[in-house]
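Asks: based on what follows, work out the 3D shape:
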Amino acid sequence: FGLPGNPVSSYVTFNLVVVPALRKLAGWQKPLLKRLSAITADEIKMDPKRPEYHRVILSLPKAEAFAYSDPGASEASALALVAKSTGFQRSSRLLSLRDANALVEVPKGSGSIPAGSRVSCLLLPVSNATF
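Replies: Next up, the predicted model:
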């Protein structure tokens, strides 16, 4: 496998391409990373030229805390996973991986994905983060 030179790009590509390939070779029936739905805690900028994978920390907020912050929140939304950005997403910035446990799939386009939007996330197989 050929991987990019920047450390974060290499890590992300390894998880998107190499991990599923090795799982397939090992006989896994479902080799792809698990896909989950989450609500964004932050605005996520989109790149007009290409899709990107934004490093995030997925967590399950306490229902009571969510209900107090949004009195109109339904019980289902109070139990939704929240995707919190790990910050600056430059491909050479290793710190953005420290607590990341998922990648938000960001389509190419102009503008941004507003905070509070439902997004598709890929769960990273190895992570220091906990729910």
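
Asks: so what touches the longest strand anywhere in the chain?
Replies: Secondary structure assigned by DSSP state E gives strand 52-59 as the longest strand of the chain. With C-beta atoms under 8 Å, 6 or more residues apart in numbering as the test, strand 52-59 has contacts from 8, 12, 16, 36, 38, 44, 46, 81-86, 89, 96-97, 99-106, 108, 121-123, 129, 131. Quick note: C-beta positions are derived from backbone N, CA and C, even for glycine.

Asks: please list only the buried members of these.
Replies: Buried members of the contacts of strand 52-59, counted by 16 or more other C-beta atoms under 10 Å: 8, 12, 38, 44, 46, 81-86, 89, 96-97, 99-104, 106, 121-122.

Asks: which residue is the nearest non-sequential neighbour of P125?
Replies: Of all residues not flanking P125 in the chain, V19 sits nearest, at 5.9 Å (C-beta to C-beta, 6 or more residues apart in numbering).

Asks: and the one you found, helix, strand or coil?
Replies: Here V19 is helix, with the state taken from DSSP: H, G, I helix; E, B strand; the rest coil.

Asks: which residue is nearest the centroid of this structure?
Replies: L103 (2.3 Å; C-alpha atoms, centre = their mean).

Asks: can you pull the contacts of that one?
Replies: 12, 15-16, 53-56, 121-122, 124.

Asks: mind listing the strands for the protein?
Replies: 35-40, 44-45, 52-59, 82-85, 102-106, 112-113, 118-123.

Asks: would TSV of those with mean pLDDT and distance to R23 be doable?
Replies: TSV is the format used below for the strands of the chain (pLDDT from 0 to 100; distance: least, C-beta to C-beta, whole Å):
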stretch	mean pLDDT	distance to R23
strand 35-40	95	15
strand 44-45	94	28
strand 52-59	94	18
strand 82-85	95	24
strand 102-106	96	17
strand 112-113	96	29
strand 118-123	96	14
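
Asks: in this structure, what helix or strand scores lowest on average pLDDT?
Replies: helix 63-69 (a mean of 50; mean pLDDT, DSSP states H and E).

Asks: coming back round to it: and the longest strand of the chain, C-alpha only, in CSV?
Replies: Once non-C-alpha atoms are left out, strand 52-59 reads as follows in CSV (Å, rounded to 0.1, in the frame of the first residue of the first chain):
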residue,chain,number,x,y,z
GLU,A,52,-12.7,15.5,3.3
TYR,A,53,-12.7,13.5,6.5
HIS,A,54,-12.9,15.8,9.6
ARG,A,55,-11.5,14.3,12.9
VAL,A,56,-14.0,14.4,15.7
ILE,A,57,-14.7,13.1,19.1
LEU,A,58,-18.0,11.3,19.2
SER,A,59,-19.8,11.3,22.6
